[in-house]
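Engineer: let me see the structure of the following:
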Amino acid sequence: MSDLRKAFWSQIYEIAKKDKDVVVLTGDLGYSFCENFQKDFPDQFINAGCAEQNMVGVAAGLARVGKKPHVYSNAIFLLMRAYEQVRDDIAYPNLDVKLIGANASGFLGFTHNMQGSENCEDLLKNLPNLIMAFSQDEVELQNTMHSTYENKNPTFIQL
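Structural biologist: Got it, this is the predicted structure:
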């Protein structure tokens, strides 16, 4: 499986260029990928720091006022540390928030490892309204980004 982080940032850049309601929140990561986005869209970029629960809550609030938040973090932190907020603040109220889980493969060590898509899916499969996407290459990711932009459901995209 290829590293899709660069492809995600390239695609979200093009989407944000056309839609000022798109906001990307990051959990203090994405560097070497997000600099152009941050520089060109400073009002559409929030570095929430290492505070995944808060970041998900902020994304839920942004969605409630008509923004289109994309929350970008390591999959394990986004899903394990902020699971309650994902469930209660995004999935149950069916908010248009896109959760982007990076680095699920574990190449950063066991503390950053979700052990592949099956664990992400096991964790999320019982949440209502949540769509899951596990793109394997840039073409699939582009199709996923386009289709999830069109739908208004909460969505988890694993990179």
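Engineer: what packs against the strand ranked longest in the chain?
Structural biologist: For the chain, the strand that runs over the most residues, judged by DSSP state E, is strand 68-74. Counting contacts by 3 or more Cβ pairs under 8 Å, 6 or more residues apart in numbering; DSSP states H and E, strand 68-74 packs against strand 22-26, helix 52-64, strand 98-102. For every residue, glycine as well, the C-beta is placed using N, CA and C.
Engineer: deepest-packed of those, please.
Structural biologist: Comparing these by mean neighbour count (mean count of other Cβ atoms under 10 Å), strand 98-102 comes out on top with a mean of 26.
Engineer: partners of that strand, with directions?
Structural biologist: Here the strand partners of strand 98-102, with direction, are listed using DSSP bridges: strand 68-74 (parallel), strand 155-158 (parallel).
Engineer: pipe the ones you listed into a markdown table and attach mean neighbour count per row.
Structural biologist: Formatted as a markdown table, those follow (neighbours: other Cβ atoms under 10 Å):
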| stretch | mean neighbour count |
| --- | --- |
| strand 68-74 | 25 |
| strand 155-158 | 25 |
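Engineer: okay if I get those strands as JSON lines plus mean pLDDT?
Structural biologist: Putting the strands paired with strand 98-102 into JSON lines (pLDDT from 0 to 100) gives the following:
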{"stretch": "strand 68-74", "mean pLDDT": "95"}
{"stretch": "strand 155-158", "mean pLDDT": "93"}
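Engineer: where are the low-confidence patches of the protein?
Structural biologist: Low-confidence segments of the chain, defined by pLDDT under 70, are located at 1-2, 30, 104-118, 120-121.
Engineer: what about 50?
Structural biologist: Regions of the chain meeting the criterion pLDDT under 50 cover residues 117.
Engineer: and the helices in it?
Structural biologist: Ranges of helices in the chain, per DSSP state H, are 5-18, 35-40, 52-64, 75-76, 83-85, 117-124, 138-150.
Engineer: for the second one, name the packing helices and strands.
Structural biologist: In this case it means helix 35-40. Here helix 35-40 touches helix 5-18, strand 45-47, going by 3+ Cβ pairs under 8 Å, 6+ apart.
Engineer: report the central residue of this structure.
Structural biologist: By Cα atoms, centre = their mean, the chain has its centre lying nearest to residue 100, at 2.0 Å.
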